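Participant: quick check, what structure comes out for this input:
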Amino acid sequence: MRVHPETGRPETDAERVDRNLQELLGELRVALPGVQVLFAFLLVVPFNQRFAQITDFQKTIYFVTLLFATAACVFLIAPTVHHRIEFRRQDKERIVVTANLLSVVGLFFLAVAMTGAIMLITDMLYGSTTVTVTSAAVGVVFLVVWYSVPVRRLIEPG
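Facilitator: Sure thing, here's the model as predicted:
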């Protein structure tokens, strides 16, 4: 068996695509429980007795965060739906490429939703300065750890 030029592994194109799909699905199995727990938390928040007493700013944070969590669910679950619908078309490579893009976008929405949840909770517990500092710090951590580090590795030579 020849070594694949992109991966350096002894695998065919079909084996590479199969491996890529399995790796992607494994990664989604890690991300999905987090987005599902966050989404469930956000769905029950309005039923809390204290929710009626929150400020307009907190209501806006809540609603925007709920929308981003919904978008994260949509994008992170979409690869499974695409695979289910298209799996017999013998075009797994396109499914993998599309699923990769959907996953990256979905994880971005998840990072924004998690930052929004931190913002909401921090605003309920503390004041505006703490909200600004904490939310900005959390957003920067997501940006650096989830995106800047891997993108930097992509653009670095060798």
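
Participant: going forward, measure contacts and count neighbours with C-alpha atoms only.
Facilitator: Will do.

Participant: tell me which helix or strand the residue most central in space within the chain sits in.
Facilitator: Central residue of the chain (CA atoms, centre = their mean): Leu107, 1.6 Å from the mean position. Per DSSP states H and E, Leu107 falls inside helix 92-125.

Participant: same for that helix, what does it pack against?
Facilitator: Using 3 or more CA pairs under 8 Å, 6 or more residues apart in numbering; DSSP states H and E, the elements in contact with helix 92-125 are helix 13-44, helix 56-86, helix 128-142.

Participant: for Arg152, give its distance to Thr60.
Facilitator: 34 Å (CA to CA, to the nearest Å).

Participant: tell me the contacts of Leu107?
Facilitator: 31, 72, 76 (CA atoms under 8 Å, 6 or more residues apart in numbering).

Participant: run a quick neighbour tally on the nearest residue in space to Glu93 that is not next to it in sequence.
Facilitator: Here the nearest residue to Glu93 in space, its sequence neighbours aside, is Val17; by CA to CA, 6 or more residues apart in numbering that works out to 5.7 Å. The number of residues packed near Val17 is 19, by other CA atoms under 10 Å.

Participant: related to what we said a few turns ago, buried stuff in the helix holding Leu107?
Facilitator: 92-93, 95-96, 99-100, 102-120, 122-123 (16 or more other CA atoms under 10 Å).

Participant: check what pLDDT Asn48 gets.
Facilitator: Confidence at Asn48, expressed as pLDDT, is 82.
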